[in-house]
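Novice: Predicted coordinates and the sequence they were generated for:
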Amino acid sequence: MSGADSLLGGDLLSAAQLSRAGLVEVFDVAEAFAEVSRRAVPKVPTLRGKLVATLFFEESTRTRLSFETAARRLSADVASLAVASSSVKKGESLRDTAATVEALGADVLIIRHRSSGAPAQVASWLEHAKVINAGDGSHEHPSQALLDAFTVRAALCEARGQVSEGSGASVFEGLRVLIVGDVRHSRVARSQVICYRTLGARITLCAPGTLLPRDAEAWGVEVAAHLDDALSEADVVSVLRLQTERGSGSHLPSLAEYTATHGLTERRAELLKPGAVITHPGPMTRGVEIASSVADGPSALVTRQVANGVAVRMAILFLVLGGEPSLLNGAP
Amino acid sequence: MSERAILLKGGLVAGARAVDRNDVLVVDGVIAAVALDLAAPEGAAVLDVSGCVVGPGLVDLHTHLREPGDEEAETIESASRAAALGGYTAIMAMPNTEPACDSASVVADVLARGRSASCEVAVAGAITVGREGRSLAPMAEMAELGVTLFTDDGACVHDGDVMRRALEYAKGLSVTCAQHCEDPALAAGGVMHEGAWSSMLGLPGQPTLAETSIVARDLGLVALTGATLHFLHLSAPESVRLVAAARDRGLPVTCEAAPHHLTLDDAQCVNYDPRFKVNPPLRPTVLVAELIELLRAGAIDAVATDHAPHASERKDVPFDEASPGMLGLQHALGLTVVALGGTERLDLLALFDLLSRRPAAIARLRGADERRAGHSAQGGDIEVGEAANLCAIDLESPTVVTDASIASRSKNSPYVGRTLPVTVRHTLLRGVPTVLDGAAVR
């Protein structure tokens, strides 16, 4: 994997676009914006006059809210295409929809789509506007993986008494990351595998056979047969959301059986090493993939992920729209 | 001497058994002389074909014309022009039109529309009503009109009992069935080959087993019924090996491969460009290499295009929603030359066997048939008295594929920008040029 050393002025379609330096740049810019978020008036004029458009062809209130909050804190104008009520229902093609939004003057299109690759296709059609992939089918969700890794870096630095900003990727060296759940259909998992591997971590996947991706060995990961064994080795556990419809189809006999074999139950949480942390991209199905007490426990970073999501997405918008990281020296 | 005389001068002639330097004189739609240094009769047009090989006009076993029903994507006129530019003099129209070609009335309609086309248009009838895989279509009434090939192509006749009855019925009519091999349960939802690429791209894949399992079952049905069966667009080497082994045991089976399965791999899907979406899907490099080896070893009977035009609105959509298929007629010859190893030491007999003589035999188009009014014998030898369905291929000048050069109404070719090693110089349909100096005449 050899990505670019900076996101500056590019699209963000896949986590694979960024090298370790490129990822660390996003984290460090996000640290600066996290500081903004803690101010009494959490707003800077950085992107004043820019138009940020969110095109969510698949509903995701949380991700959209996070991106739009990020854009507003940077003083950008925000246009949201509510696709369910738009011309897409009238048969307009993806290409025409994207061209229309670009013609309205959007500087960046943030796209969520149920089809893998849709943001990449849009990026190839547009003249000048940038594209940020906010989750495409079973492909990738790069901003989620970036904010997960950013949160893990902050939490582990804190635990070690280090300053997160400027710490590079040192906490990830040799870190054991365990990804549990529906890896086959998860865009978060694909972006996480790429992101954590680029940062130097060792990845283990654990899932029922029907939810493991075909040819996972090509991803440069290990596959664990039993969750209990894998948990005791892990420094970071990424619990994936289980779409409950998988429990009634050909993938799983039942949700109860999934919880029994792959749920992060209270008993299993006790197998974790001291200091190990748990992430979840949300929304959680409590009692299925993760027990409520574990989700609300001290190891879980879930609410920090949400808060950091805004800062990381501010950093992504800032860089994609060509902001020089040096501008951030001093106060943004 | 008739005014309809053409002398093809200075070329290499690819006969059925040998390649010789000869001139070919065509008079009134028939080959009148094949010899060295023929003098042009008075009034004859002379085509300089030095540097070219003159062979039988190509015959495509697998063309989607889109007419009737989707004339925005392609018409019989535009497809036949693309075919002529590709060196073809006959194409087999697949029945997945709208309405489906599952009755004598639709067959008669397509045959009538095809009469003024730039190549002969043979028609394949559907095996089942509406291509729905349930009840047998009226194959006898279609056979009466000269239909010799039956298929539900685009869909697999996946019910084993229905396929068995189809084979038994077809045997009684002395016609051939052709199967699109795809187990719908194993292929379910797969939009590309299932493997490392589909896994990384997050696209649902279909394994080669979806194809191979149907091949294995249908070979058993052929053994059971004794009927003739042709396997369409085989993409998995294992499928071809099964068919070749059965053929060696004496079963009446044949198979085809498409040019794209011999020249493109599943890594092409990396940018989610729907022009690379096709069914069966593009396979991994190692399987493509094996398929090429099988082609060169003679295990594959024919190269057939699966020419599948789609209007831009069917392709300017997400990969998983895009219609599968790509253009084929205009560039299949060049791609087959690539698959056979290029123009250096090209086996011209194999080339014309794969693209003309064998497909004509499989589709039973080798002889004239009084039921097929206006059609002539295809895929023949270059001998006096044979119908003058010919193409002249320039082996020394490459072709650059451009958007503008595509004769089809749709432009969904994955080869735009690529250079192919040969150029179709002239095509003659029953002695009349349809392509002269690389340009369509009509």
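Specialist: Now that the structure is in, tell me what you want to look at.
Novice: for the one helix or strand residue A:24 maps to, packing partners?
Specialist: Assessed by DSSP states H and E, residue A:24 sits inside helix A:20-37. The contact analysis (3 or more CB pairs under 8 Å, 6 or more residues apart in numbering or on different chains; DSSP states H and E) places helix A:20-37 against helix A:61-73, helix A:142-159, helix A:187-199, helix A:302-320. From N, CA and C alone the C-beta is placed, and that goes for glycine too.
Novice: what's the average pLDDT for the second one?
Specialist: Rounded to a whole number, the mean pLDDT of helix A:142-159 is 97.
Novice: Let me know the angle separating the helix or strand following that helix from helix A:187-199.
Specialist: Counting by DSSP H and E, the next helix or strand C-terminal to helix A:142-159 is strand A:176-180. Orientation check (axes from the mean of the first three to the mean of the last three CA atoms, to 10 degrees): strand A:176-180 against helix A:187-199 gives 170 degrees.
Novice: quick revisit: can you give me the buried ones in the helix holding residue A:24?
Specialist: Neighbour counts using 16 or more other CB atoms under 10 Å in any protein chain shown place A:20, A:22-34, A:36-37 of helix A:20-37 among the buried residues.
Novice: Contact partners for residue 23?
Specialist: Chain wasn't specified; assuming chain A. Residue A:23 is in contact with A:15, A:146, A:149, A:169, A:195, A:198, A:199, counting by CB atoms under 8 Å, 6 or more residues apart in numbering or on different chains.
Novice: ah, no, chain B please
Specialist: Contacts of residue B:23 by CB under 8 Å, 6+ apart are B:7, B:8, B:9, B:10, B:11, B:33, B:34, B:35, B:36, B:37, B:38.
Novice: all helices for the stretch 251-400 of chain B, in order.
Specialist: With helices called from DSSP state H, counting those that start in this stretch, the stretch 251-400 of chain B shows them at B:259-263, B:285-296, B:332-339, B:348-352, B:358-362.
Novice: Pull the distance from the longest one to the chain's centre.
Specialist: Same thing as helix B:285-296. Distance, stretch centre to chain centre, for helix B:285-296: 19 Å (CA atoms, centre = their mean, to the nearest Å).
Novice: Please name whichever of the helices and strands packed on helix A:20-37 is nearest to chain B.
Specialist: Distance to chain B, taken as CB to the nearest CB, is lowest for helix A:187-199 among those, at 6.1 Å.
Novice: helices and strands around that closest one, which ones?
Specialist: Other helices and strands packing on helix A:187-199, by 3+ CB pairs under 8 Å, 6+ apart, are helix A:20-37, helix A:142-159, strand A:176-180, strand A:202-206, strand A:236-239.
Novice: pretty sure residue B:281 contacts residue B:192?
Specialist: Yes: look at residue B:281 against residue B:192 with CB atoms under 8 Å: they come within range, at 4.6 Å.
Novice: intersection of neighbour lists for those two?
Specialist: By CB under 8 Å, 6+ apart, residue B:281 and residue B:192 have these common neighbours: B:205, B:206, B:266.
Novice: Among these, which one sits closest to chain A?
Specialist: residue B:205 (6.8 Å).
Novice: Hmm, residue B:199 and the closest one touching each other?
Specialist: Yes: here residue B:205 reaches residue B:199: they are 7.4 Å apart, a contact under CB under 8 Å.
Novice: list the residues that contact both of the two?
Specialist: Common neighbours of residue B:205 and residue B:199 (criterion: CB under 8 Å, 6+ apart): residue A:214.
Novice: What does the pLDDT read for residue B:260?
Specialist: At residue B:260, pLDDT is 98.
Novice: Test my guess that it contacts residue B:327.
Specialist: No: look at residue B:260 against residue B:327 with CB under 8 Å: they stay out of range, at 9.6 Å.
Novice: of the two, who's got more company?
Specialist: Using other CB atoms under 10 Å in any protein chain shown as the criterion, residue B:260 and residue B:327 rank with residue B:327 on top: 31 against 27.
Novice: Next, count neighbours for the residue nearest to the more buried one when sequence neighbours are not counted.
Specialist: Among residues not flanking residue B:327 along the chain, residue B:413 sits closest, at 4.3 Å (CB to CB, 6 or more residues apart in numbering or on different chains). Using other CB under 10 Å, the number of residues around residue B:413 comes to 22.
Novice: Ramachandran angles for residue B:413?
Specialist: phi -100, psi 130 (degrees, to the nearest 10).
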